[in-house]
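Sequence and predicted structure, then a few things I'm wondering about:
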Amino acid sequence: MKLIKQLSLFVENKPGSLNAVCQVLKDHQINIRTLSLADTQQFGILRLLVKEHEKARAALEAAGFIVKSTDVLALPVSDRPGGLADILDVLDRNQMSVEYMYAFTFGRSESAVMVFRFEEPERALKVLTDVGVPAVSEFELFA
């Protein structure tokens with residue numbers, strides 16, 4: 001399976017809130033591979049990719065956080081003009097919208113990894129792999 005579990009939680013937009021999440025993960029020896037934080041005036045949505053997502057979810061919920069697990073797709077995107085546009089073109093031709101995305105690198109010199117959230121992640125996976133866009137597996141991501 002090439003879909004990856006992402007954890008999402010609300011954090012209050014005040015000093016110490018983000019650190020509280022990180023301390024819980026630290027206390028349980030859970031490493032964050034990548035994250036995205038989008039804020040509003042009162043709360044932020046923290047999205048995390050961690051290897052042990054079930055352990056992380058249990059630890060965060062025990063600490064009082066409300067955690068949602070979501071399937072996302074991680075794709076290598078060429079580090080060149082048009083790398084992202086090529087992927088978005090495939091999605092547009094198949095009438096698929098991106099709900100959100102964020103990027104990171106991890107030892108790949110010619111590409112970044114972009115994490116995509118789709119309403120229909122399984123369909124997005126099929127559409128992209130059918131045209132030769134490989135998804136990054138959890139094994140690759142956390143190796």
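Yes, it's here.

a strand runs through Pro81, doesn't it?
No. Using DSSP: H, G, I helix; E, B strand; the rest coil, the assignment for Pro81 is coil, not a strand.

Now it, what are its backbone angles?
With angles defined as degrees, to the nearest 10, Pro81 sits at phi -60, psi 130.

which secondary structure elements does the helix or strand containing Thr70 contact?
For Thr70, the host element (DSSP states H and E) is strand 67-78. Contact partners of strand 67-78 among helices and strands, from 3 or more C-beta pairs under 8 Å, 6 or more residues apart in numbering; DSSP states H and E: strand 3-12, helix 53-62, helix 83-93, strand 111-118, helix 121-130. Yep, even glycine has a C-beta here, placed from its N, CA and C like the rest.

Count the residues that sit near Phe104.
When neighbours are counted by other C-beta atoms under 10 Å, Phe104 registers 16.

whoops, I mixed them up, Asp130
Around Asp130 there are 10 residues (other C-beta under 10 Å).

Model confidence score at it, please.
Looking at Asp130, its pLDDT reads 94.

That one and Ile87, how far apart?
For Asp130, the distance to Ile87 equals 13 Å [C-beta to C-beta, to the nearest Å].

go on, Asn31?
According to C-beta to C-beta, Asn31 and Ile87 sit 27 Å apart.
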